[in-house]
Structure formats: structure tokens, C-alpha cells
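>>> Sequence and predicted structure are below.
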Amino acid sequence: MKTRFSRAVLGQFSALTLLSCMVFTPLAVCQEAGKIVDQYVKAAGGGKALAKIQTLTLEGTFATDDGKNGTYTLDTKLPNRYYSELLVGEKNQIEAYNGKSAWHQNAGGELGTLVGPEGMQLEAAAQYYNSRLLNLKKNKITLMVAGHPQVRGKDAVQVEVTTATGVKRQVFFDPQTHLIVKEAATVGGVEEEILYDDYRTADGVKLPYKIELHRGSDKYDISVTRAVINGTVGERVFDFPIKSQVKLPDLKALFKEIDDNQKALDKLKENYAGSQSEEETEFEGDGRVKKHEVSEYTFFYLNGDEITTLVKKDGKPLSEAEQKKENEKTQKRIEEQQKREAKKEAKEEKAKEEGKSEEKDDPGIEVFLRACQFVNPRRERFRGQDVLVFDFEPNPEFKPHKLVEKLAQKLAGVVWVDEKAHDVARLEAYFVGDMKIGGGLLANLQKGTSFVYEQAFVNNEVWLPTYMEAHIGVRFLLVKGIKASVVTRYSDYKRFNVETLSSIAKPKGAADAPADPPAKPR
């Protein structure tokens with residue numbers, strides 16, 4: 001599968017490498033891990049009882065080493081909400097995922113949205129705890145036996161659990177009781193170990209009443225005082241505290257300005273060329289790696305589109321013959337793009353002469369304003385800049401008709417807007433449900449397909465992409481399914497004029513000496 005497919009599906013968004021049952025891992029090892037989890041599910045109360053859990057609340061108390069008393073709270077809620085709090089006096093540490101964004105509060109009271117690996121770790125924790133290790137394939141969770149260590153002096157079986165985004169968690173099972181005795185993972189950027197003991201039955205499900213939590217260098221011996229299954233847990237529990245939020249600006253005006261800015265930037269982008277590296281991993285249905293490729297390109301912009309040329313494959317430069325072939329492909333793409341642009345301009349001119357308004361190909365920002373609702377606005381610092389951050393989710397009252405409207409209403413996530421420039425600095429989004437194209441006959445983008453997009457202000461002149469990431473699950477023609485992960489990094493931006501090209505494969509900066517340039521695209 002070429003990365004161009006992921007762009008066609010997700011527009012300009014394109015993702016971290018997912019490692020699960022590796023290609024060299026015997027299938028029997030994965031099957032053994034599945035058997036261990038099946039034994040756990042049965043011991044914990046059975047699949048039916050676990051599947052009925054919509055919400056879970058654990059509350060407990062602990063004493064710190066200096067004699068202070070504290071409280072612990074863990075709330076989970078389907079499909080992917082997670083809230084963990086340690087409160088000592090007036091200082092509370094919080095890690096949370098609200099289904100759209102991950103956030104935390106440190107002991108000093110500072111709040112912030114988590115991005116990158118830290119955010120993915122909290123999202124993965126939310127998925128893990130709400131899955132109850134059921135429906136692994138549907139939840140895109142893979143397993144692998146990682147060893148047989150001892151926990152508290154007793155034998156255990158260690159299973160590595162990997163989520164769809166490649167985040168790993170080590171889970172240790174007691175071979176006698178088949179219950180979980182320990183978990184280890186990095187959560188919100190902090191190493192965490194949790195040991196469980198004193199299991200008791202609540203509503204037909206076995207829950208631990210002794211929890212030994214190691215978070216970083218801190219240790220908390222927690223005695224659970226209250227365990228509630230399917231109690232009332234409101235959505236506000238998982239959202240940013242209201243006191244940290246700000247009033248949303250006029251979104252219609254803000255988004256129109258962002259849209260106008262981006263269109264203006266599309267012309268400025270044509271003054272720049274750069275390099276990009278794409279790492280793509282394709283997976284088997286059981287999570288094993290099917291194919292892994294790293295490709296390097298040079299690129300420039302033409303009429304708002306990236307024109308790329310492959311120069312390296314898996315770290316090796318192309319041969320002279322291969323490079324010539326790639327250059328010819330690039331020249332063909334340039335010509336095709338020019339023809340499309342000329343056809344578009346002729347169509348617009350004709351409509352103008354006839355006094356008609358030409359229907360736009362792009363959906364326009366108003367679609368997202370109607371298809372989504374925006375919540376949890378807050379001000380933060382991101383990459384050294386002041387940004388306005390807010391979450392978005394499907395608007396249940398909106399009735400979509402066109403494909404683009406249906407697409408927009410399937411998205412949830414979080415966006416970072418530079419307050420000074422009114423441009424998007426970062427966007428994270430995922431599909432909350434399957435997105436069927438052609439009624440599912442042509443393709444079906446699967447629930448959980450996600451992407452990340454970042455751009456930065458370059459040369460004090462223009463916003464340009466710096467990072468893209470996508471985790472894609474799609475099925476074609478009701479038969480062929482593809483699971484892939486792609487990450488794209490942009491670098492080496494230079495001022496560029498297509499007239500100074502010495503070869504298509506290697507754009508030259510304005511300061512470089514031109515040699516035998518091809519014809520300038522018109």
C-alpha cells in the first residue's frame with residue numbers, strides 16, 4: 001500500500017509505527033496469550049458480566065511516607081473515558097482522557113493538554129481499562145507472551161498488550177487464580193507500576209481492594225473503600241475543570257479567518273521546497289507486521305498540491321535509472337496538475353461569464369461548524385506560542401446528506417489554534433464510528449482510524465507542515481482489509497523558485513546555482 005492512498009482517504013493528513021505480535025513472533029505465542037486472557041476473563045466473572053460494565057468507580061485511601069492522608073479515585077466509562085486522581089491535602093494529581101483529548105494536572109496545580117506519546121499513552125490507558133480485555137480484534141488490541149517472571153515472590157505470566165496506536169502495557173497474570181496481579185506501563189510520560197491484591201466480588205465481577213501504585217519515584221498503598229459498577233459518572237468528570245476554561249470566540253468568524261489565511265498561505269507555500277521522510281507499516285489482521293518501509297522524498301508545492309519525488313528507499317539512494325524513472329513520474333504529475341488547474345480556471349471563467357456561481361470542490365468550514373460541536377475551550381502554551389485549544393465531537397442534531405457532511409460528523413478530537421496568527425498549529429482527530437463509502441461497497445474506514453497534523457511558522461513568513469501521523473483501518477469492496485500506520489516528517493525547508501531547478505529530484509534553494517533548469521510550470 002502506498003502512502004498516497006492514505007492521503008487520498010484522509011486528505012492532507014497522513015502515522016506512528018505499531019508494533020504488536022512481530023513478524024518473527026510465532027503465531028502459537030499469540031494464541032497462548034489469547035488463552036491466558038480467556039482464563040482471566042472467566043476468573044474475573046465471565047465475558048457477559050464484564051461486558052455489562054458501562055462505568056466503574058474505585059475510591060480508596062492511603063497514607064504518604066510523611067504521615068499525610070490522601071485519597072485515590074479511578075473512574076472509567078465506555079467507550080473510552082478515563083480519570084485517575086491522587087489527592088493529598090489541597091494538592092491533587094490528575095490524569096484524564098475525555099474521549100477527545102488527554103490532559104493532566106500536576107501537584108503544583110498546573111493543567112495542560114498532553115500531546116504526542118504522552119497523550120497517546122493516556123488514550124491507550126482509557127482503551128485498555130474500558131475494553132476489559134474483551135473483543136480484542138474489534139478493539140484492535142493484540143497480545144504476546146513476554147515472559148514468566150515472579151511478582152511478589154510468586155510465579156506469573158507476563159503478557160504484552162498493544163493498542164491500535166502501538167502503545168504497550170505489560171500485564172502479569174497469576175497462573176493459579178488467572179487474575180491480574182500487576183500492570184506496568186508509561187502513562188502521561190511517567191513510568192507506572194500497579195500491583196493488585198485482595199480480590200472481592202462486586203456485582204458478579206472480581207475487583208482488587210488492595211492497590212499498590214508506583215508512579216515515578218512515589219509509592220501509594222491504597223485500600224479501596226468503595227467499588228461501584230454502573231454507577232452514575234457524568235461526562236464532566238473527564239473534562240477540563242471549568243475554572244480552567246475560557247469563553248469560546250465567535251467560531252464562525254475564527255474559522256473563516258483560518259480558512260482565508262490557509263488559502264493565502266497556499267500561494268506562499270510555492271516559494272518553498274523541502275524534504276520529507278515517510279515511515280509506513282502495514283499489518284496482518286492479527287497485528288503482526290506484514291510490511292515496513294521508509295521512503296524519503298524531495299518536494300515542492302504547485303497550485304496548493306505537494307509535488308514529491310522519491311530519492312531514497314529504506315535508507316538507500318535510488319540508482320541512476322530508478323531516479324530517472326521517478327523524475328519522469330514527477331514530470332507527469334506536474335503536467336496532470338497543470339491540466340486540472342487549467343480546466344478548473346476555464347470552468348470558473350465560463351461560470352463567471354454566464355453570471356453563475358461556481359460550486360466549490362472543497363467542503364468549506366461551515367460544514368464542520370454544523371456537523372460538530374466544540375467544547376472545553378482553554379488557553380495554553382504550545383511549542384512556545386500562546387494557543388487556544390478546544391475539543392470537538394459530532395453534533396447529534398445535525399443530519400448529514402453529502403459525503404463530506406457524513407465524514408465531518410464522524411470525527412472527534414482536539415485542535416490547537418495559534419492565537420496571534422489564527423492558524424492551526426496542531427489537529428488530532430479520529431473516527432467515532434465506521435465511515436462507509438458507497439454504502440460500504442467501495443470502502444469502509446473503520447472506527448478508531450485516527451490522524452495528527454502539525455504545522456509551524458517557517459522563516460517568519462509562512463505556516464508549513466512539520467508532522468503528520470495516521471493509523472488507518474479500511475476495508476475495500478467488502479473483502480480486502482488493510483491496517484496501516486504512517487508517520488511523515490518534514491524538514492530542510494528552503495526558499496524555492498521552480499525556475500532554479502537543476503533536477504526534479506533535488507530542488508535547489510534560491511542561493512544555489514541553477515543548472516539546466518526544466519521549463520517553469522505555468
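Ah, there it is.
>>> State the mean pLDDT of stretch 437-448.
Stretch 437-448 carries an average pLDDT of 73.
>>> Tell me the confidence at Ser502?
Per-residue pLDDT puts Ser502 at 44.
>>> ditto for the one 5 residues further on
We have a pLDDT of 47 for Pro507.
>>> likewise the one 5 residues further on?
The predicted structure scores Asp512 at 40 on the pLDDT scale.
>>> swap in Pro394?
Note for Pro394: predicted pLDDT of 91.
>>> what's the nearest residue to Glu85 if we skip its chain neighbours?
Nearest non-adjacent residue to Glu85, counting by CB to CB, 6 or more residues apart in numbering: Thr73, 4.5 Å away. In short, each C-beta sits where N, CA and C put it, glycine included.
>>> bridging residues for the one you found?
Counting by DSSP bridges, Thr73 forms beta bridges with Glu59, Glu85.
>>> Just the mean pLDDT for stretch 468-478, thanks.
79.
>>> Just the strands from the stretch 201-350 of the chain, written as ranges.
Taking DSSP state E, counting those that start in this stretch as the criterion, the stretch 201-350 of the chain carries its strands at 205-215, 218-229, 272-283, 289-302, 305-313, 316-317.
>>> Pick the most deeply packed of these.
strand 272-283 (a mean of 20; mean count of other CB atoms under 10 Å).
>>> Give me the angle between the lengthiest helix in the chain and strand 305-313.
Ranked by residue count under DSSP state H, the longest helix found in the chain is helix 320-353. Per axes from the mean of the first three to the mean of the last three CA atoms, to 10 degrees, the angle that helix 320-353 makes with strand 305-313 is 170 degrees.
>>> Not counting residues beside it along the chain, what's closest to Gly433?
Lys447 (5.2 Å).
>>> where in the stretch 301-450 of the chain is pLDDT low?
Where the stretch 301-450 of the chain drops to pLDDT under 70, the residues are 356-366, 438-442.
>>> please redo it, this time with the cut-off set to 90
Along the stretch 301-450 of the chain, the model assigns pLDDT under 90 to residues 301-306, 337-375, 381-386, 396-410, 419-423, 431-450.
>>> Need the CA coordinates for the helix or strand harbouring Tyr40. CSV is fine.
Tyr40 is part of helix 27-44 when elements are defined by DSSP states H and E. Listed next in CSV are the C-alpha coordinates belonging to helix 27-44 (Å, rounded to 0.1, in the frame of the first residue of the first chain):
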residue,chain,number,x,y,z
LEU,A,27,1.6,-17.5,15.9
ALA,A,28,1.4,-20.0,18.7
VAL,A,29,2.8,-17.4,21.1
CYS,A,30,-0.1,-15.1,20.2
GLN,A,31,-2.6,-17.9,20.6
GLU,A,32,-1.1,-18.8,24.0
ALA,A,33,-1.6,-15.2,25.1
GLY,A,34,-5.2,-15.3,24.0
LYS,A,35,-5.8,-18.4,26.1
ILE,A,36,-4.3,-16.7,29.2
VAL,A,37,-6.6,-13.7,28.7
ASP,A,38,-9.6,-16.0,28.2
GLN,A,39,-8.8,-17.7,31.5
TYR,A,40,-8.6,-14.2,33.1
VAL,A,41,-12.0,-13.2,31.7
LYS,A,42,-13.6,-16.4,33.1
ALA,A,43,-11.9,-15.9,36.5
ALA,A,44,-12.9,-12.2,36.7
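>>> Quick one: name whatever helix or strand follows that helix.
Where DSSP H and E defines the elements, the next helix or strand beyond helix 27-44 is helix 47-51.
>>> contacting residues around that next one?
41, 44, 132, 134, 203-205 (CB atoms under 8 Å, 6 or more residues apart in numbering).
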